[in-house]
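1. Need coordinates for the below:
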Amino acid sequence: MTTQTNHYRIANASYGLAAHVEENRLGDRDAQQLGADMHNGQRIAEPMKRVNGTLTPVSWETAIAEVGRALRAVRSAQGPQGIGVYIGEPVQQQARSLVRALAFGVGAGTPHIFSESNVFHGPQLWATEQVMGHAATLISDLSRAHYVLLLSGEQVDLGWGACGPGVGHEAWLQHSRKTKKAKVYVADPRRTTLADSMDGHIAIRPGSESYLMLGMLTAVVQRGWTDEQFIRDYTDDFERLQALVADWTVDEFAQRCGIEAAELSGVALRFSRSPMSVVHPARQSFQNREGALGAWAWLVLHAVTANILRPGGLFEVEGVVDLFPLLTQLESTKAPRTAATAYPLVLMQAPASLLRPEIVSGPVRAVISVCGNPVGRLPDPAANRTALDQLDLLICIGHREDETAQLADWVLPALHPWEEPALALHEGDSNAEGQTAWQAPVNPPAPLARPVEQILAEVYGALRPGLRKSVWGSHWRVAAQYLARSSVEAWEERFMMDWISRPSDEWIMVVEDACHWFSPADTDGEGERQLYLGTGDRSLWRPTTETERIVLVGPAIEALLSVFRMEDVPERVVRTGQLRERFITARPSGPDATLEARVHSSMGFEEGSRVTIETDAGRCTATVVLDDRLREDVIDLPLFEGSPSLGLVRESRSKGLPGVVEMDGVAVRISNL
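-> Purely as a prediction, here's the structure:
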């Protein structure tokens, strides 16, 4: 057995790990933990077509030709918007596959491009565009902050969220606590090990993160704990913000968080008075009833206290590739909208949770799922299954016969991420700089499996899109036509070489064997390739609004606030959005699946007893695990692919941004089975 330095290819290109390799493939233990158990009977080994209800093997040539014919039939009947592209979260970590999937949708002329990643990050991206002018990912500068509020005590297990890549943050925080007396507080319904190791624990109710942000913003603005000079120099609409929060009270928000008003005010005061402060959200922090509004309050709270676009607060990462020029061209106000839900695409994508309404109430009649699993990963699996059954055509591209593939008309085998080269992003914990490196396949490829980008290119060619009228406009359509068919490898290499190349004093060296790139300075075409790190100069990061200032209250936010109403506090709530382990693999689903429900002993249930858990959306059964570190009014259920707990949650009922899912904070009833 050998140990190979690699990265977590399923979920995070910046998360390094040591992989144990046996006979040119991952060892059994690593394969199971890292989602790479590719020989467990669920592996899709060859192209298959559903014939009389049974998936039957066919050749690649037959599959591509017939899939193309079926897609053309849907397009003739419904137009381009009748085709939907569903992008699974693993694709977000594979640049080639992601570019090809987006190019497929844009080139086909459809606005129905759904993303599993946007389910979790959609509210933050949307809110950032309203405030900053473009949908950029803002990074928490945890290592330099003097005051940190962590939304979730499971940050270590969650990988610190997609908006804070890397796994060294806990060490940085502890170092800051020792060397500069930084204060770190954890807001979570459960007192976790991480909370024990920091300066304080705030036992908020699940799903109340948005109310916590709104309460902190209210306290800061009403009591004048703001940075007047920063507001004057860099923001607009502060007077409008003052008028909006004038009718709110800290007491109301504290009640919905399940904490005392004095505690909430104290958190806000410490945040506003510390030299550099940041609130770091977790992956699911804004997957609640008022998620879009909570994400806005999170950003504006940082803005009015001068903790945005500066060290120790929130900043925009440039990193290996400066995406700033591209992001500024992807305004959701000018983007196509989904047909039934009228969602303005953010970064060319809609949340995956909108797939069902676009099938049931919209024009979508064919779906191409790219390494996604809407039945196993989205709320209300039964309703999603019913919606997919209504399609004329369901095509699944992937490597595992999951719940969605079992319903498909066509199944096309893709290489597993561990079977193909991958670009790792080694990002620093203390700033936005990083480096890249190509890593070779770890496992040998399955005989008939093909790269996702190759499958999409072949299906796109069989669709024969031509230059039809498109909701995307001619410029995007022409670019997508090129990217959907051309060599993605050649595009990627040219992109990296042409766009990244900068003056040599800001370059780093990358081993030639890892990249297969050469420096133009080498006349013989050999040597090491240099990659640009990006700049740490925050003065270059700026809003792209019309005034180039931070907009505290824009039109879309005003529309959201006009329908904002606080609901009554339920007696008991459920939390389903918290992953229980770092590496998530598929588990048995259905009525016989084993589900553990963590509850406080004061609820009166016995350890190991079987219970029924019910919400307005559905019910499931579980086995009780007593946990007195949890709030007394919370039922804590784990989230994993195929989990029965997905039947308990639904899309937010708030009249705000569509596609936000209430993963946490839903009223729940529990009884003995």
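2. Verify the contact between L293 and S562 for me.
-> No - counting by CB atoms under 8 Å, L293 does not reach S562; the two are 11.2 Å apart. (C-beta placed from N, C-alpha, C; glycine too.)
3. Pull the distance from stretch 115-134 to the chain's centre.
-> Per CA atoms, centre = their mean, to the nearest Å, the displacement of stretch 115-134 from the mean C-alpha position of its chain is 10 Å.
4. what pLDDT, on average, does it get?
-> In this model, stretch 115-134 carries a mean pLDDT of 88.
5. If you count neighbours, what's buried in that stretch?
-> 115-134 (16 or more other CB atoms under 10 Å).
6. In helices, which of those residues fall?
-> Residues of the buried residues of stretch 115-134 located in helices (DSSP state H): 117-132.
7. Need the residues that contact whichever helix in the chain runs longest.
-> Of all the segments of type helix in the chain, defined by DSSP H, the longest one is helix 60-78. Contacts made with helix 60-78 from outside it, assessed by CB atoms under 8 Å, 6 or more residues apart in numbering, are listed as 47, 49, 58, 82-83, 108, 363-366, 392-393, 395, 409-410, 412, 448, 450, 458-459, 461-464.
8. what about burial for those, which qualify?
-> The buried subset of the contacts of helix 60-78 (16+ other CB under 10 Å) comprises 47, 49, 58, 82-83, 108, 363-366, 392-393, 395, 409-410, 412, 450, 458-459, 462-463.
9. Next step: those residues restricted to strands.
-> By the criterion of DSSP state E, membership of the buried ones among the contacts of helix 60-78 in strands covers K49, I83, A366, L393, I395, W410, L412.
10. Using JSON lines, lay out these together with pLDDT and distance to R69.
-> Converted to JSON lines, these look like this (pLDDT from 0 to 100; distance: CB to CB, whole Å):
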{"residue": "K49", "pLDDT": "97", "distance to R69": "12"}
{"residue": "I83", "pLDDT": "97", "distance to R69": "14"}
{"residue": "A366", "pLDDT": "98", "distance to R69": "12"}
{"residue": "L393", "pLDDT": "98", "distance to R69": "10"}
{"residue": "I395", "pLDDT": "98", "distance to R69": "12"}
{"residue": "W410", "pLDDT": "98", "distance to R69": "11"}
{"residue": "L412", "pLDDT": "97", "distance to R69": "15"}
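11. Show me the shaky parts of the stretch 101-250 of the chain.
-> Counting by pLDDT under 70, the stretch 101-250 of the chain contains low-confidence residues at 157-159, 161-167.
12. Report the buried residues of stretch 614-621.
-> Using 16+ other CB under 10 Å as the burial criterion, the residues of stretch 614-621 that qualify are E614, T615, A617, G618, C620, T621.
13. That stretch: end-to-end distance?
-> The distance separating the two terminal residues of stretch 614-621, taken as CA to CA, to the nearest Å, comes to 9 Å.
14. same deal with stretch 601-612?
-> First-to-last residue span, stretch 601-612, CA to CA: 17 Å.
15. Kindly report the same for stretch 600-612.
-> Start to finish, the residues bounding stretch 600-612 are 16 Å apart (CA to CA).
16. how close does H399 sit to I455?
-> From H399 across to I455, the span is 11 Å (CB to CB, to the nearest Å).
17. More neighbours: which of those two?
-> I455 (27 against 24; other CB atoms under 10 Å).
18. related to what we said a few turns ago, now for H399 and I455: what residues contact both?
-> Counting by CB under 8 Å, 6+ apart, the residues touching both H399 and I455 are A414.
19. Give me the domain ranges for the protein.
-> 2-33, 48-120+325-414+451-487, 136-319+545-562, 573-672 (automatic domain parsing).
20. could I get those domains as TSV with distance to P444?
-> Converted to TSV, these look like this (distance: least, CB to CB, whole Å):
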stretch	distance to P444
domain 2-33	6
domain 48-120+325-414+451-487	14
domain 136-319+545-562	28
domain 573-672	21
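21. Mean pLDDT lowest where, among those?
-> Across the domains of the chain, domain 2-33 has the smallest mean pLDDT, namely a mean of 52.
22. and the spatially most central residue of the chain, what does it touch?
-> The structure's the chain has its C-alpha centroid closest to S117; by CA atoms, centre = their mean the separation is 3.5 Å. For S117, the contacting residues are I87, E89, Q92, A162, Q349, taking CB under 8 Å, 6+ apart as the criterion.
23. can we see that at 6 Å?
-> E89, Q92 (CB atoms under 6 Å, 6 or more residues apart in numbering).
24. From S208, how far out is it?
-> Taking CB to CB as the measure, S117 and S208 are separated by 24 Å.
25. How far off centre is stretch 379-393?
-> Here the centre of stretch 379-393 is set off from its chain's centre by 22 Å, with CA atoms, centre = their mean.
26. which strands and helices sit next to the host helix or strand of R477?
-> With the criterion set as DSSP states H and E, the secondary-structure element containing R477 is helix 473-485. Helix 473-485 sits against helix 95-108, with contacts defined as 3 or more CB pairs under 6 Å, 6 or more residues apart in numbering; DSSP states H and E.
27. contacts for the helix it packs on?
-> Residues outside helix 95-108 that contact it (CB under 6 Å, 6+ apart): 80, 83, 85, 87, 91-92, 113, 348, 370, 423, 452-453, 456, 460, 465, 472, 476, 480-481, 483-484, 488.
28. Contact partners for the residue lying closest to G362 once chain neighbours are set aside?
-> Spatially, and ignoring its direct neighbours in sequence, G362 is nearest to A340 (3.4 Å; CB to CB, 6 or more residues apart in numbering). Contact partners of A340, counting by CB under 6 Å, 6+ apart, are P357, E358, S361, G362.
29. For my notes, please list the residues you listed in TSV and give neighbour count for each entry.
-> Putting the contacts of A340 into TSV (neighbours: other CB atoms under 10 Å) gives the following:
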residue	neighbour count
P357	19
E358	23
S361	12
G362	20
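30. Of all the residues in stretch 194-209, which ones are buried?
-> So for stretch 194-209, counting by 16+ other CB under 10 Å, buried means 194-195, 198-199, 201-209.
31. How about stretch 140-159?
-> For stretch 140-159, burial by neighbour count (16+ other CB under 10 Å) applies to 140-155, 157-159.
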